[in-house]
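Student: requesting a structural model of the entry that follows:
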Amino acid sequence: MTAAAVKSPKSQTPSPAPTDDEPLYAARRAIYPQSVKGRLRTIKWVLLAVTLAIYYFLPFVRWDRGPDAPSQAVLIDFPTRRFYFFFIEIWPQEFYYLAGLLILAALTLFLMNAVAGRVWCGYLCPQTVWTDLYMAVERAIEGDRRAHMLADAGPWTLEKVAHKTLKHSVWLLIAWWTGGAWVLYFADAPTLVVELATFQAPAVAYVSIMVLTFTTYTLAGHLREQVCTYMCPWPRIQAALTDEYALNVTYLYDRGEPRGSVKKAALARAEGEKVGDCIDCNQCVAVCPTGVDIRHGSQLECIQCGLCIDACDTVMDKINRPRGLIAYDSEANLEARIAGKPSVQRIVRPRTILYVALIALVGGIMIYSLADRTSEGLAAIHDRNPVFVRLSDGALRNAYTVRLTNKKLETRRFALTVEGLPGAKLTVVGIAPTPEGDVLTIGPDKTLEARVLVTYDGKLDPGASIPVTFRIRDLTGATGAAVSDHFIGP
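Tutor: Residues are numbered from 1 along each chain as shown. Model prediction:
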């Protein structure tokens, strides 16, 4: 059979253009996804449990950072302007790490799309995870697809009111817990829980919880697929990033068409006629959380969750047909199979290699920067007027303003020295010399500005500008910092 002999059902029945009497947007129809069991559904349950457990319980994980430092493993501490992530501590001037994380997230999303289409949307997107959780609660209280549809179509009874009340109460409880967990990332979690329970927490905490409760309840409980179809920009962006080798949830129409019931298919096969494996049971549509019929080809509403694969495989098992009528497949592989050519699977290709290389590059730069950074800072500014002073004994003196930064949450003592000008004498104005040299004491998370005089009684060439280096050394450790400037002569 040639490629021209088999066409996608979608290509055979193009959608007519809207007329003046038709609305531009179709009215929303209620979607009642049916429960399904299978490999992909199990993967989704595992990911749901893992991601929600991380989100809800991570604020309670402890991490010892020593005295006077927060012990919460992950904390966004606005009062001290710090972001803590286990052993990593990010300071406000290191905003570029946030930019690096955003770049890594974008590149990872691009890589996932190049390999398996909207796999993020189907398995890891917060909207998908919370909607899955809300649907599970709905099925547990109101029953599966058929029972839920019959109840909604029937009259309001005491039982129906009780079910609806219980469902929305549980939804609101989940939404409230979601909002409450979010604020715990911005303060010590156990302490804030007590303050919230005793109504002693800051007003911003209660407002944040109410806002997130409302948004979670609305988006996951009511809007659901509307968020993916109309509110999220990613479906439109990813269409421009994908190619024919990306794996997507695909109906293998070369194998499934023409459709027919089990009995008609058996008779047709006995007579040697061409018949597809699809029996038009609509189970793929019934389990879809967005109500998509995957047999019409790739669609904007499809989040590539793969539940239709599990539903179709279950039906294929019952009618003794091979699994995989709906599967993760690429457009290139589908066209090659129709043309009678070998299968084409190209996970490793220039696009994916580029994304992996960029991820490795950005990640490597961030890791190196984290490993090479120090917990102190030093800056020096040379006086502009006068640039030098000739003393009565003939020595030259240059003045500098030196600023030291202590990024730790503890008081530290630094010894300040100057290098590059042998025999030069360094004096810190207002600081008495000690046996350890010129020592500057800086409080926790503070900066200190000092006026520094460098005196040199040696000979300099006319118009000389000698490079010098100011260096600080932590007297309680081996860390330090340095900055370069110039010693200027006549």
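
Student: what segments of the stretch 51-200 of the chain are helices?
Tutor: 96-116, 119-123, 126-142, 145-153, 158-183, 189-197 (DSSP state H, counting those that start in this stretch).

Student: and those: which comes nearest Gln345?
Tutor: Nearest of the helices of the stretch 51-200 of the chain to Gln345, taken as Cβ to Cβ: helix 96-116 at 11.0 Å. Using the backbone N, CA and C atoms, a C-beta is placed for each residue, glycine as well.

Student: next, the buried residues of the closest one.
Tutor: For helix 96-116, the buried set under the neighbour-count rule, 16 or more other Cβ atoms under 10 Å, comprises Tyr97, Gly100, Leu107, Thr108, Leu109, Phe110, Leu111, Met112, Asn113, Ala114, Val115, Ala116.

Student: so the fourth one touches Ile359, yeah?
Tutor: So the one you mean is Thr108. Yes. With contact defined as Cβ atoms under 8 Å, Thr108 and Ile359 form a contacting pair (6.4 Å).

Student: reduced to three states, what does Glu335 come out as?
Tutor: helix (DSSP: H, G, I helix; E, B strand; the rest coil).

Student: about what we covered before: check the helices of the stretch 51-200 of the chain for me and report the most buried one.
Tutor: Highest mean neighbour count among the helices of the stretch 51-200 of the chain (mean count of other Cβ atoms under 10 Å): helix 119-123, with a mean of 21.

Student: what's that one packed up against?
Tutor: helix 39-57, helix 96-116, helix 234-241 (3 or more Cβ pairs under 8 Å, 6 or more residues apart in numbering; DSSP states H and E).

Student: ok, which of the helices of the stretch 51-200 of the chain comes nearest Arg255?
Tutor: Of the helices of the stretch 51-200 of the chain, nearest to Arg255 by Cβ to Cβ is helix 96-116, at 20.9 Å.

Student: now do the closest one, average pLDDT.
Tutor: Helix 96-116 carries an average pLDDT of 93.

Student: can you list contacts of that helix?
Tutor: 90, 119-120, 234, 238, 241-243, 246-248, 304, 328, 347, 351-352, 355-356, 358-359, 362-363, 365-366, 369-370 (Cβ atoms under 8 Å, 6 or more residues apart in numbering).

Student: strands of the protein, start to end?
Tutor: 74-77, 82-85, 88-90, 248-251, 326-329, 376-382, 389-390, 396-406, 412-419, 425-428, 438-442, 446-456, 465-474, 480-488 (DSSP state E).

Student: the first one packs against which elements?
Tutor: Of the remaining helices and strands, those touching strand 74-77 by 3+ Cβ pairs under 8 Å, 6+ apart are strand 82-85.

Student: how does it look with 10 Å?
Tutor: If you count contacts as 3 or more Cβ pairs under 10 Å, 6 or more residues apart in numbering; DSSP states H and E, strand 74-77 packs onto strand 82-85, strand 88-90.

Student: who does the residue lying closest to Ile442 once chain neighbours are set aside form a beta bridge with?
Tutor: The shortest distance from Ile442 to any non-neighbouring residue, by Cβ to Cβ, 6 or more residues apart in numbering, is to Asn406 (4.0 Å). Judged by DSSP bridges, the bridge partners of Asn406 are Glu376, Lys446.

Student: measure Asn406 to Val204 for me?
Tutor: 29 Å (Cβ to Cβ, to the nearest Å).

Student: what about those two, which has more around it?
Tutor: Asn406 (23 against 10; other Cβ atoms under 10 Å).

Student: if we can go back for a sec, of the helices and strands packed on strand 74-77, which is nearest Leu448?
Tutor: That would be strand 82-85 among the helices and strands packed on strand 74-77, by Cβ to Cβ, at 19.6 Å.

Student: what confidence value was assigned to the residue nearest to Ile442?
Tutor: Asn406 is assigned 88 on the pLDDT scale.

Student: same question for Ala17.
Tutor: Predicted confidence (pLDDT) for Ala17: 51.

Student: let's have the chain start at 729 instead
Tutor: With 729 as the first residue, the last one maps to Ala745.

Student: one step back: distance to Gly1191 added to the buried residues of helix 824-844, as TSV?
Tutor: Converted to TSV, these look like this (distance: Cβ to Cβ, whole Å):
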residue	distance to Gly1191
Tyr825	43
Gly828	44
Leu835	51
Thr836	55
Leu837	57
Phe838	56
Leu839	57
Met840	61
Asn841	61
Ala842	60
Val843	63
Ala844	67
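
Student: most widely separated two among the residues you listed?
Tutor: Tyr825 and Ala844 (28.6 Å).

Student: any idea how far the residue nearest to Ile1170 is from Glu1147?
Tutor: For Asn1134, the distance to Glu1147 - Cβ to Cβ - is 22 Å.

Student: same check, this time on Ala890
Tutor: 81 Å.

Student: over to Cys853?
Tutor: Taken as Cβ to Cβ, the span from Cys853 to Glu1147 is 55 Å.

Student: out of the two, which sits in the more crowded spot?
Tutor: Using other Cβ under 10 Å as the criterion, Cys853 and Glu1147 rank with Cys853 on top: 20 against 14.

Student: show the pLDDT at the residue nearest to the more buried one when sequence neighbours are not counted.
Tutor: Of all residues beyond its chain neighbours, the one nearest Cys853 is Ile1031 (7.7 Å), with distances taken as Cβ to Cβ, 6+ apart. If you check Ile1031, the pLDDT there is 93.

Student: how is the protein carved up into domains?
Tutor: 757-822+849-960, 1104-1216 (automatic domain parsing).

Student: distance between the last one and the chain's centre?
Tutor: Centre-to-centre, domain 1104-1216 and its host chain are 44 Å apart (Cα atoms, centre = their mean, to the nearest Å).

Student: from one end of it to the other, what's the distance?
Tutor: 27 Å (Cα to Cα, to the nearest Å).

Student: center of this protein, which residue is that?
Tutor: Ala833 (5.5 Å; Cα atoms, centre = their mean).

Student: what separation is there between it and Trp848?
Tutor: From Ala833 to Trp848 the distance is 10 Å (Cβ to Cβ).

Student: show me where the stretch 929-1078 of the chain has its helices.
Tutor: Under DSSP H, counting those that start in this stretch, the stretch 929-1078 of the chain gives helices at 931-946, 953-954, 962-969, 981-984, 990-998, 1011-1014, 1035-1046, 1059-1066, 1078-1100.

Student: so can I have CSV of those helices showing mean pLDDT and distance to Leu1168?
Tutor: Formatted as CSV, the helices of the stretch 929-1078 of the chain follow (pLDDT from 0 to 100; distance: least, Cβ to Cβ, whole Å):
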stretch, mean pLDDT, distance to Leu1168
helix 931-946, 96, 38
helix 953-954, 90, 60
helix 962-969, 85, 52
helix 981-984, 89, 76
helix 990-998, 84, 86
helix 1011-1014, 95, 71
helix 1035-1046, 96, 64
helix 1059-1066, 88, 66
helix 1078-1100, 93, 24
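
Student: turn those helices into a markdown table, including distance to Ile1194.
Tutor: Shown next, in a markdown table, are the helices of the stretch 929-1078 of the chain (distance: least, Cβ to Cβ, whole Å):
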| stretch | distance to Ile1194 |
| --- | --- |
| helix 931-946 | 54 |
| helix 953-954 | 70 |
| helix 962-969 | 55 |
| helix 981-984 | 79 |
| helix 990-998 | 92 |
| helix 1011-1014 | 79 |
| helix 1035-1046 | 73 |
| helix 1059-1066 | 66 |
| helix 1078-1100 | 28 |
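
Student: looking at these, which is nearest to Val1130?
Tutor: Per Cβ to Cβ, nearest to Val1130 of the helices of the stretch 929-1078 of the chain: helix 1078-1100, 22.5 Å.
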